[in-house]
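Trainee: sequence first, then the predicted structure:
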Amino acid sequence: MQTDCPRVDSSTTVSDLVEKHMFRTGRRAFLVIEHDTLAGLVTLHQIKELPREDWHTTPLGDIMTPFDKLHRVKPDTEISEVLEIMNAEDISQVPVVSSDKLEGIIGRNHLLQVVKTRLDIGI
């Protein structure tokens, strides 16, 4: 789980996110904040679905997955269950939430690294 989740304001345009954050960090998913509250998640997949000519005028709030529609897990959710959710829903990131408080985010690549490490160790 990553606890240093990148956050961007819902009014940020898609082009600003891509140019100022994605190109510089290589991250593919960002938490979207609205009035200091987690509003949702925006991913590279959602950006790719938007015509490029609309990137400069479209705020992230228009294309994000709203928080109440996000698939979430608890901090104690088993890795196998998280992977099942990701596969069943065809998603690459799952927010980790405890008592309606964001604890972090689990990405598919990180999860697969953990599984590989466990296999390498023999667990």
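Mentor: That came in fine, so what should we check first? Residues are numbered from 1 along each chain as shown.

Trainee: need the longest helix for the chain.
Mentor: helix 108-121 (DSSP state H).

Trainee: give me the mean pLDDT for that helix.
Mentor: Confidence for helix 108-121, expressed as mean pLDDT, is 85.

Trainee: quick one: list the elements packing against it.
Mentor: Counting contacts by 3 or more C-beta pairs under 8 Å, 6 or more residues apart in numbering; DSSP states H and E, helix 108-121 packs against helix 79-89. Heads up, the C-betas are built off the backbone N, CA and C, glycines and all.

Trainee: in the next helix or strand after the helix it packs on, which residues are buried?
Mentor: Next helix or strand after helix 79-89 toward the C-terminus (DSSP states H and E): strand 93-98. By neighbour count on 16 or more other C-beta atoms under 10 Å, the buried set for strand 93-98 is Q93, V94, P95, V96, V97.

Trainee: and the longest helix of the chain, what's buried?
Mentor: R108, L111.

Trainee: contact partners of it?
Mentor: For helix 108-121, contacts defined as C-beta atoms under 8 Å, 6 or more residues apart in numbering pick out M1, Q2, I79, V82, L83, M86, S92, Q93.

Trainee: related to what we said a few turns ago, out of the buried residues of strand 93-98, who's nearest G107?
Mentor: Nearest to G107 out of these is Q93 (C-beta to C-beta; 5.2 Å).

Trainee: contacting residues around F67?
Mentor: L38, A39, G40, L41.

Trainee: so where does the first one fall, helix or strand?
Mentor: Secondary-structure assignment from DSSP H and E places L38 in strand 37-43.
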